[in-house]
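Chemist: from the sequence below, what's the structure:
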Amino acid sequence: MWEKSLQKCLSTCKQVLVRSVWMGVQHLALFIRRELVWFISESNTYEKNTRPISNVRTKGAISIFMKLFGTTFLFISCHLSHGPDARPRISECNRILQFLRQNMASYSNENVFDGSDYVLWFGDMNFRLNLDPALFGALQSSPPTSKDLPQLIKRDQLLSAMKQGQLLSKFHECPIEFLPSYKFIIGTSDYSIQFRLPAYTDRILFKKKESDNNFIECLHYNTAYNICSSDHKPVFAHFKVYIQPEIQDYGRQQTLETSQGDIPTLLDHVNMVQFGHGDG
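Modeler: Purely as a prediction, here's the structure:
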(Lines give C-alpha, C1' and ligand atoms only; values in the text may rest on other atoms or scores of the structure.)
Protein backbone atom coordinates (compact mmCIF):
# COMPACT_ATOMS: atom_id res chain seq x y z
CA MET A 1 0.00 0.00 0.00
CA TRP A 2 2.73 2.46 0.99
CA GLU A 3 4.79 1.75 -2.10
CA LYS A 4 1.87 2.17 -4.49
CA SER A 5 0.84 5.44 -2.83
CA LEU A 6 4.39 6.77 -3.03
CA GLN A 7 4.77 5.66 -6.64
CA LYS A 8 1.56 7.41 -7.62
CA CYS A 9 2.65 10.62 -5.90
CA LEU A 10 6.29 10.67 -7.01
CA SER A 11 5.65 9.60 -10.61
CA THR A 12 4.50 13.16 -11.29
CA CYS A 13 8.08 14.22 -10.43
CA LYS A 14 9.52 11.54 -12.76
CA GLN A 15 10.75 9.46 -9.80
CA VAL A 16 10.66 5.65 -9.90
CA LEU A 17 11.04 3.03 -7.19
CA VAL A 18 14.33 1.14 -7.55
CA ARG A 19 14.60 -0.78 -4.26
CA SER A 20 12.66 -1.31 -1.05
CA VAL A 21 13.02 -3.29 2.16
CA TRP A 22 10.82 -3.85 5.17
CA MET A 23 11.02 -5.53 8.56
CA GLY A 24 7.93 -5.68 10.74
CA VAL A 25 6.53 -2.14 10.91
CA GLN A 26 9.60 -0.55 9.31
CA HIS A 27 9.64 0.23 5.60
CA LEU A 28 12.32 1.90 3.48
CA ALA A 29 11.79 2.77 -0.19
CA LEU A 30 14.39 4.26 -2.52
CA PHE A 31 13.27 6.40 -5.45
CA ILE A 32 15.44 7.90 -8.16
CA ARG A 33 14.95 10.08 -11.20
CA ARG A 34 13.79 7.98 -14.10
CA GLU A 35 16.70 8.80 -16.42
CA LEU A 36 19.25 7.70 -13.80
CA VAL A 37 17.89 4.18 -13.25
CA TRP A 38 20.20 2.70 -15.86
CA PHE A 39 23.31 3.96 -14.09
CA ILE A 40 22.72 1.92 -10.92
CA SER A 41 25.15 -0.97 -11.17
CA GLU A 42 24.76 -2.54 -7.72
CA SER A 43 22.19 -2.59 -4.94
CA ASN A 44 21.45 -4.70 -1.89
CA THR A 45 19.36 -4.65 1.28
CA TYR A 46 20.13 -5.52 4.91
CA GLU A 47 17.98 -6.04 8.01
CA LYS A 48 18.96 -6.15 11.70
CA ASN A 49 16.42 -6.92 14.41
CA THR A 50 17.52 -5.65 17.84
CA ARG A 51 14.65 -7.19 19.79
CA PRO A 52 15.63 -10.08 22.11
CA ILE A 53 12.68 -12.08 20.73
CA SER A 54 13.45 -12.75 17.08
CA ASN A 55 9.84 -12.83 15.85
CA VAL A 56 9.03 -9.42 17.40
CA ARG A 57 10.38 -7.14 14.69
CA THR A 58 9.46 -3.62 15.83
CA LYS A 59 12.96 -2.37 16.69
CA GLY A 60 16.14 -2.47 14.67
CA ALA A 61 17.33 -1.22 11.30
CA ILE A 62 16.80 -1.78 7.60
CA SER A 63 19.15 -0.47 4.94
CA ILE A 64 19.68 -0.15 1.21
CA PHE A 65 23.09 -0.08 -0.48
CA MET A 66 23.35 1.43 -3.95
CA LYS A 67 26.08 2.26 -6.44
CA LEU A 68 25.20 5.15 -8.77
CA PHE A 69 27.77 5.82 -11.49
CA GLY A 70 31.05 5.54 -9.52
CA THR A 71 29.64 6.54 -6.12
CA THR A 72 28.23 4.29 -3.40
CA PHE A 73 25.46 5.11 -0.93
CA LEU A 74 24.17 3.36 2.19
CA PHE A 75 20.77 4.41 3.53
CA ILE A 76 19.99 3.18 7.06
CA SER A 77 16.54 3.56 8.62
CA CYS A 78 16.21 2.61 12.29
CA HIS A 79 13.64 2.43 15.06
CA LEU A 80 15.26 2.29 18.50
CA SER A 81 13.96 1.60 22.01
CA HIS A 82 11.94 4.23 23.85
CA GLY A 83 12.34 5.42 27.43
CA PRO A 84 14.37 8.02 29.35
CA ASP A 85 17.59 5.95 29.56
CA ALA A 86 19.85 6.48 26.52
CA ARG A 87 22.03 3.42 27.14
CA PRO A 88 19.79 0.84 25.39
CA ARG A 89 19.64 3.04 22.29
CA ILE A 90 23.40 3.52 22.27
CA SER A 91 23.83 -0.26 22.50
CA GLU A 92 21.36 -0.84 19.66
CA CYS A 93 23.16 1.64 17.39
CA ASN A 94 26.47 -0.09 18.01
CA ARG A 95 24.95 -3.52 17.34
CA ILE A 96 23.51 -2.27 14.05
CA LEU A 97 26.89 -0.81 13.14
CA GLN A 98 28.66 -4.07 13.99
CA PHE A 99 26.18 -6.01 11.84
CA LEU A 100 26.75 -3.75 8.82
CA ARG A 101 30.50 -4.06 9.22
CA GLN A 102 30.18 -7.84 8.95
CA ASN A 103 28.69 -7.55 5.46
CA MET A 104 31.12 -7.07 2.61
CA ALA A 105 30.39 -4.76 -0.30
CA SER A 106 30.68 -6.69 -3.54
CA TYR A 107 32.42 -3.84 -5.36
CA SER A 108 35.42 -3.67 -2.98
CA ASN A 109 37.27 -5.43 -0.18
CA GLU A 110 35.67 -3.16 2.42
CA ASN A 111 32.53 -3.74 4.44
CA VAL A 112 29.35 -2.07 3.27
CA PHE A 113 29.42 0.54 6.06
CA ASP A 114 33.02 1.77 5.88
CA GLY A 115 33.24 1.23 2.13
CA SER A 116 30.31 3.44 1.14
CA ASP A 117 31.12 6.94 -0.07
CA TYR A 118 28.07 8.38 1.67
CA VAL A 119 26.05 6.99 4.57
CA LEU A 120 22.74 8.44 5.75
CA TRP A 121 21.41 7.14 9.07
CA PHE A 122 17.91 8.26 9.99
CA GLY A 123 14.64 7.28 11.64
CA ASP A 124 12.88 7.25 14.98
CA MET A 125 16.04 7.08 17.08
CA ASN A 126 13.97 7.85 20.20
CA PHE A 127 16.66 9.85 22.03
CA ARG A 128 15.23 12.18 24.68
CA LEU A 129 16.26 15.33 26.54
CA ASN A 130 18.16 15.27 29.83
CA LEU A 131 16.34 18.14 31.51
CA ASP A 132 17.24 20.01 34.66
CA PRO A 133 14.38 20.52 37.18
CA ALA A 134 13.69 24.11 36.08
CA LEU A 135 13.34 23.30 32.37
CA PHE A 136 11.46 20.10 33.18
CA GLY A 137 8.88 22.08 35.14
CA ALA A 138 8.64 24.75 32.44
CA LEU A 139 7.92 22.18 29.71
CA GLN A 140 5.29 20.50 31.86
CA SER A 141 3.40 23.77 32.18
CA SER A 142 3.73 25.08 28.61
CA PRO A 143 4.96 23.80 25.20
CA PRO A 144 8.42 24.80 23.95
CA THR A 145 8.92 27.82 21.71
CA SER A 146 11.75 28.90 19.41
CA LYS A 147 13.46 30.75 22.27
CA ASP A 148 13.88 27.40 24.06
CA LEU A 149 15.86 25.81 21.19
CA PRO A 150 19.39 26.42 22.56
CA GLN A 151 18.50 24.90 25.94
CA LEU A 152 16.73 21.92 24.37
CA ILE A 153 19.54 21.08 21.95
CA LYS A 154 22.13 21.43 24.70
CA ARG A 155 20.36 18.63 26.59
CA ASP A 156 19.81 16.29 23.67
CA GLN A 157 20.96 12.73 24.46
CA LEU A 158 22.04 11.86 20.92
CA LEU A 159 24.28 14.90 20.40
CA SER A 160 25.80 14.40 23.83
CA ALA A 161 26.56 10.71 23.17
CA MET A 162 28.08 11.49 19.76
CA LYS A 163 30.36 14.16 21.25
CA GLN A 164 31.53 11.69 23.89
CA GLY A 165 32.32 9.09 21.22
CA GLN A 166 29.73 6.60 22.51
CA LEU A 167 28.16 6.11 19.07
CA LEU A 168 28.28 7.34 15.47
CA SER A 169 31.15 9.68 16.26
CA LYS A 170 32.02 10.24 12.58
CA PHE A 171 28.49 11.30 11.69
CA HIS A 172 27.24 14.86 11.36
CA GLU A 173 23.85 16.50 11.66
CA CYS A 174 22.62 19.75 10.22
CA PRO A 175 22.03 22.42 12.89
CA ILE A 176 18.62 21.82 14.45
CA GLU A 177 16.51 24.93 13.93
CA PHE A 178 13.08 23.42 14.51
CA LEU A 179 11.05 22.46 17.56
CA PRO A 180 10.98 18.84 18.78
CA SER A 181 9.18 16.42 16.44
CA TYR A 182 7.60 14.41 19.30
CA LYS A 183 5.12 13.93 21.01
CA PHE A 184 1.91 15.42 19.54
CA ILE A 185 -1.79 14.83 19.97
CA ILE A 186 -2.74 12.96 16.79
CA GLY A 187 -4.67 15.14 14.39
CA THR A 188 -3.19 18.36 15.79
CA SER A 189 0.08 20.26 16.13
CA ASP A 190 -0.31 20.43 19.91
CA TYR A 191 2.24 18.72 22.13
CA SER A 192 0.92 15.89 24.30
CA ILE A 193 2.74 17.18 27.37
CA GLN A 194 0.62 15.26 29.88
CA PHE A 195 1.91 11.95 28.46
CA ARG A 196 5.44 12.68 27.15
CA LEU A 197 7.77 15.64 27.27
CA PRO A 198 8.84 16.95 23.84
CA ALA A 199 11.98 15.41 22.33
CA TYR A 200 14.00 15.24 19.13
CA THR A 201 13.30 11.57 18.51
CA ASP A 202 13.39 11.72 14.71
CA ARG A 203 16.80 12.46 13.21
CA ILE A 204 18.84 12.41 10.00
CA LEU A 205 22.62 11.94 10.28
CA PHE A 206 25.21 11.72 7.53
CA LYS A 207 28.87 10.94 6.92
CA LYS A 208 31.21 10.66 3.96
CA LYS A 209 34.14 8.38 3.31
CA GLU A 210 37.37 10.34 3.56
CA SER A 211 38.39 11.14 0.00
CA ASP A 212 39.27 14.23 -2.00
CA ASN A 213 36.46 13.29 -4.40
CA ASN A 214 33.65 13.09 -1.83
CA PHE A 215 31.57 16.09 -0.88
CA ILE A 216 28.26 16.29 0.98
CA GLU A 217 26.39 19.35 2.17
CA CYS A 218 23.08 19.52 4.02
CA LEU A 219 21.04 22.28 2.41
CA HIS A 220 17.83 21.99 4.40
CA TYR A 221 16.79 20.22 7.62
CA ASN A 222 13.31 20.69 9.00
CA THR A 223 10.07 19.09 10.12
CA ALA A 224 6.64 19.11 8.46
CA TYR A 225 4.39 20.53 11.17
CA ASN A 226 1.35 20.56 8.88
CA ILE A 227 1.23 16.74 8.80
CA CYS A 228 -0.86 15.57 11.76
CA SER A 229 -1.51 11.86 11.13
CA SER A 230 0.91 10.66 13.84
CA ASP A 231 2.21 11.61 17.28
CA HIS A 232 5.49 12.34 15.45
CA LYS A 233 6.08 15.09 12.89
CA PRO A 234 8.02 13.94 9.79
CA VAL A 235 11.60 15.21 9.62
CA PHE A 236 13.22 15.73 6.23
CA ALA A 237 16.57 16.82 4.81
CA HIS A 238 17.93 17.96 1.46
CA PHE A 239 21.55 17.14 0.58
CA LYS A 240 23.97 18.13 -2.15
CA VAL A 241 26.60 15.49 -2.98
CA TYR A 242 29.35 15.01 -5.53
CA ILE A 243 28.88 11.95 -7.75
CA GLN A 244 32.02 10.36 -9.14
CA PRO A 245 31.94 9.20 -12.76
CA GLU A 246 32.03 5.49 -13.46
CA ILE A 247 35.25 4.03 -14.84
CA GLN A 248 33.97 2.67 -18.11
CA ASP A 249 35.09 -0.52 -19.75
CA TYR A 250 34.04 -1.97 -23.07
CA GLY A 251 31.74 -4.62 -21.63
CA ARG A 252 29.93 -2.18 -19.39
CA GLN A 253 29.57 0.31 -22.26
CA GLN A 254 27.97 -2.38 -24.43
CA THR A 255 25.55 -3.30 -21.65
CA LEU A 256 24.66 0.34 -21.10
CA GLU A 257 24.01 0.92 -24.81
CA THR A 258 21.82 -2.19 -24.99
CA SER A 259 19.87 -1.12 -21.91
CA GLN A 260 19.34 2.37 -23.29
CA GLY A 261 17.80 0.86 -26.41
CA ASP A 262 15.19 -0.85 -24.20
CA ILE A 263 14.34 2.26 -22.19
CA PRO A 264 10.99 3.13 -23.91
CA THR A 265 9.58 -0.39 -23.43
CA LEU A 266 10.80 -0.66 -19.85
CA LEU A 267 9.44 2.74 -18.89
CA ASP A 268 6.04 1.83 -20.30
CA HIS A 269 6.10 -1.24 -18.06
CA VAL A 270 7.11 0.87 -15.04
CA ASN A 271 4.19 3.20 -15.70
CA MET A 272 1.79 0.26 -15.87
CA VAL A 273 3.04 -1.08 -12.52
CA GLN A 274 2.84 2.37 -10.92
CA PHE A 275 -0.83 2.69 -11.71
CA GLY A 276 -1.73 -0.84 -10.73
CA HIS A 277 -2.03 -2.46 -14.19
CA GLY A 278 0.95 -4.78 -13.86
CA ASP A 279 -0.07 -6.74 -10.77
CA GLY A 280 -0.15 -10.44 -11.20
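
Chemist: all contacts plus neighbour counts: C-alpha atoms, from now on.
Modeler: OK.

Chemist: residues in contact with the top helix by length along the chain?
Modeler: If you go by DSSP state H, the chain has its longest helix at helix 87-101. Among residues not part of helix 87-101, those counted as contacts by CA atoms under 8 Å, 6 or more residues apart in numbering are 46, 48, 50, 60-61, 80-82, 111-114, 125-127, 161, 166-168.

Chemist: where exactly do the strands run in the stretch 151-280 of the chain?
Modeler: Along the stretch 151-280 of the chain, counting by DSSP state E, counting those that start in this stretch, strands occupy 202-208, 216-223, 235-241.

Chemist: out of the ones you listed, which one sits most buried?
Modeler: Of all the strands of the stretch 151-280 of the chain, strand 202-208 carries the top mean neighbour count, a mean of 21, counting by mean count of other CA atoms under 10 Å.

Chemist: quick check: mean pLDDT of it?
Modeler: Summarised as a single mean, pLDDT over strand 202-208 is 97.

Chemist: which other residues reach that strand?
Modeler: When contacts are taken as CA under 8 Å, 6+ apart, the neighbours of strand 202-208 outside the stretch itself are 116-126, 170-174, 181-182, 214-216, 232, 234-237.

Chemist: so who does residue 181 touch?
Modeler: The neighbours of residue 181, taking CA under 8 Å, 6+ apart as the test, are 198-202, 223, 232-235.

Chemist: tell me which of those residues fall in helices.
Modeler: Counting by DSSP H, those place none of their members in helices.

Chemist: can you put the residues you listed in TSV and add distance to residue 135?
Modeler: Conversion of those to TSV gives the following (distance: CA to CA, whole Å):
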residue	distance to residue 135
198	12
199	13
200	16
201	18
202	21
223	23
232	22
233	22
234	25
235	24
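
Chemist: and the least confident of the residues you listed?
Modeler: Lowest pLDDT among the contacts of residue 181: residue 198, with 92.

Chemist: secondary structure class for residue 120?
Modeler: Applying DSSP: H, G, I helix; E, B strand; the rest coil to residue 120 yields a three-state assignment of strand.

Chemist: that one: neighbour count?
Modeler: As a burial measure, the neighbour count of residue 120 was computed by other CA atoms under 10 Å and equals 17.

Chemist: residue 149 too?
Modeler: 15.

Chemist: these two touch, right, it and residue 179?
Modeler: Yes. In this structure, residue 149 is within contact of residue 179 by CA atoms under 8 Å, at 6.9 Å.

Chemist: where does pLDDT dip in the chain?
Modeler: Across the chain, residues meeting the criterion (pLDDT under 70) sit at 52-57, 105-108, 247-280.

Chemist: distance to residue 140 for the strands of the stretch 151-280 of the chain - can I get that in a markdown table?
Modeler: Shown next, in a markdown table, are the strands of the stretch 151-280 of the chain (distance: least, CA to CA, whole Å):
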| stretch | distance to residue 140 |
| --- | --- |
| strand 202-208 | 21 |
| strand 216-223 | 22 |
| strand 235-241 | 24 |
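
Chemist: can you pull out the helices in the stretch 51-200 of the chain?
Modeler: With DSSP state H, counting those that start in this stretch as the definition, the stretch 51-200 of the chain shows helices at residue ranges 87-101, 112-115, 133-141, 149-154, 157-163.

Chemist: what's the most buried one of the ones you listed?
Modeler: Per-residue neighbour counts averaged over each of these give the maximum for helix 112-115, namely a mean of 22 (mean count of other CA under 10 Å).

Chemist: please indicate which of the contacts of strand 202-208 are buried?
Modeler: 116-126, 172, 174, 181-182, 215, 232, 234-235 (16 or more other CA atoms under 10 Å).

Chemist: can you point out the buried residues in stretch 31-50?
Modeler: When burial is assessed from 16+ other CA under 10 Å, stretch 31-50 yields the following buried residues: 31-32, 34, 37, 40, 43-50.

Chemist: those: which two are farthest apart?
Modeler: Farthest apart among those by CA to CA are 34 and 50. That separation is 34.9 Å.

Chemist: what's the distance between the closest residue to residue 202 other than its chain neighbours and residue 221?
Modeler: Taking CA to CA, 6 or more residues apart in numbering, and ignoring the residues beside it in sequence, residue 202 has residue 124 as its nearest neighbour in space, at 4.5 Å. According to CA to CA, to the nearest Å, residue 124 stands 15 Å off from residue 221.
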